[in-house]
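In: mind folding the following:
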Amino acid sequence: MTETLLKAVRRYVDANADHTGFAQTPITGLTTIRSTVPSGLVHAISRPLVCLVLQGQKQVTMGAETVTFEAGDSLLITADVPTVSQITRASTDTPYLSLVLDLEAKVIANLTTEMGELPVSEGMAVRWEPTDSEVSDAALRLMRLLDRPASLPVLHAQLVRELHYWLLCGRHGAAIRRLGWSGGQAQRIARAIALLRSDFAQTLPVERLAAQAGMGLSSFHQHFRAETSLSPLQFQKQLRLIEARRLMAAEGMTASSAAFAVGYESVPQFSREYRRMFGLPPIQDLKMTREIQAA
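Out: Below you'll find the model as predicted:
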């Protein structure tokens, strides 16, 4: 089944990938990824997702923990957390290939209600496990559905729901279930995170974020850090820097233009914080990124 899924993903990504190797499918939240060379370090604040690695190898670091996973493994991220990832095994003949699905809190909440009382766990936001055959099977049927565009509106939702179901039945199901726990801290903090993601270039008083989460200031700070490993200000800063890096690399913006576009008022401050996060000043980092892409 995994080999059949690999062929389906490779066929789709070969036909549809952009210059970065990403191919967003017509199914919301479902993306295929290909890389023919090992990558540089990629900084992101990841959304909750599952990544099925079908070929090659990748490393993901969150805080002090580094996870290495390869063909046959699934990476689960169960909170909006900062990660640093790197494709470590890929070639032209044997490219890195993966299938990524964003986890949907509403789908999880509905399934959890139907599945009855089951445990909900806290703990690590980044987890990995061998991909269950049921998950691979549901993913394969999703990929096959892409060849039948007329069927997508009718059938894709139930297949996405089924894939979530099998993930909930797996050994990390208790961690995934917390995303759908109505009134739980994960959902409440998620409301504040949604505001940060949409308005990160604006000044967002922490009082407004706490109100969005329906929490007092002290409780909000505590739970926000517990969910994301960052303070709200650090979270917003990383969102700004990651977007600025994208604007320079993908849209050709200068460092100063990117700094102002993401909400910085001081270019020197932007450059200092950029170097602190990415290890190089903006211009040098952009040059290295382009050299890696051209290799």
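In: Ala192 is in contact with Ala210, correct?
Out: Yes: look at Ala210 against Ala192 with C-beta atoms under 8 Å: they come within range, at 7.4 Å. Any C-beta I mention is one placed from the backbone N, CA and C, and that applies to glycine too.
In: any shared contact partners between the two?
Out: Residues touching both Ala210 and Ala192 (C-beta atoms under 8 Å, 6 or more residues apart in numbering) are Phe220.
In: of those two, who's got more company?
Out: Ala192 (27 against 21; other C-beta atoms under 10 Å).
In: ok, now which ones touch the more buried one?
Out: Going by C-beta under 8 Å, 6+ apart, Ala192 touches 209-210, 212-213, 220, 224, 232.
In: CSV for these, including distance to His19, pLDDT and secondary structure?
Out: Converted to CSV, the contacts of Ala192 look like this (distance: C-beta to C-beta, whole Å; pLDDT from 0 to 100; DSSP: H, G, I helix; E, B strand; the rest coil):
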residue, distance to His19, pLDDT, secondary structure
Leu209, 36, 96, helix
Ala210, 41, 95, helix
Gln212, 37, 95, helix
Ala213, 38, 93, helix
Phe220, 41, 95, helix
Phe224, 36, 92, helix
Pro232, 34, 95, helix
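In: so which of those residues is the most crowded?
Out: That'd be Phe224 among the contacts of Ala192, by other C-beta under 10 Å, with 27 neighbours.
In: quick one: contacts for that one?
Out: Counting by C-beta under 8 Å, 6+ apart, Phe224 makes contact with 189, 192, 209, 213, 230-232, 235.
In: which two in these are spaced the farthest apart?
Out: Farthest apart among those by C-beta to C-beta are Ala213 and Leu230. That separation is 14.8 Å.
In: so which residue is dead centre in the chain?
Out: Ser46 (3.4 Å; C-alpha atoms, centre = their mean).
In: that one and Thr228: what is the separation?
Out: The gap separating Ser46 from Thr228 is 10 Å, by C-beta to C-beta, to the nearest Å.
In: show me where the stretch 101-250 of the chain has its strands.
Out: Along the stretch 101-250 of the chain, counting by DSSP state E, counting those that start in this stretch, strands occupy 126-130.
In: low pLDDT regions in it?
Out: The stretch 101-250 of the chain contains residues with pLDDT under 70 at 117-124, 182-183.
In: can I see the domain layout of the chain?
Out: 2-179, 183-229, 235-294 (automatic domain parsing).
In: rewinding a little: now for Ser46 and Thr228: what residues contact both?
Out: With C-beta under 8 Å, 6+ apart, Ser46 and Thr228 have common neighbours 80-82.
In: and stretch 18-28, end to end?
Out: This stretch, stretch 18-28, spans 17 Å end to end (C-alpha to C-alpha, to the nearest Å).
In: identify all contacting residues around that stretch.
Out: Outside stretch 18-28, the residues that reach it (C-beta under 8 Å, 6+ apart) are 12-13, 15-17, 30-36, 102, 142, 145-146, 149, 152, 156, 160.
In: kindly report the same for stretch 61-70.
Out: 53, 56-60, 75, 81-85, 88-89, 124-126, 128, 229.
In: of the residues you listed, buried ones?
Out: Taking 16 or more other C-beta atoms under 10 Å as the criterion, what is buried in the contacts of stretch 61-70 is 53, 56-60, 75, 81-85, 89, 124-126, 128, 229.
In: helices of the protein, residue ranges please.
Out: Secondary structure of the chain (DSSP state H): helices at 2-16, 105-115, 133-145, 152-169, 173-177, 185-198, 206-213, 217-228, 232-251, 255-261, 267-278, 282-294.
In: what's the neighbour count on Val160?
Out: There are 20 residues near Val160, going by other C-beta under 10 Å.
In: what's the answer for Trp166, then?
Out: 18.
In: against Ala157, how distant is it?
Out: Trp166 is 16 Å from Ala157, by C-beta to C-beta.
In: tell me, how many residues neighbour Pro149?
Out: Look at Pro149: counted by other C-beta under 10 Å, it has 9 neighbours.
In: which residue is the nearest non-sequential neighbour of it?
Out: Pro26 (7.2 Å; C-beta to C-beta, 6 or more residues apart in numbering).
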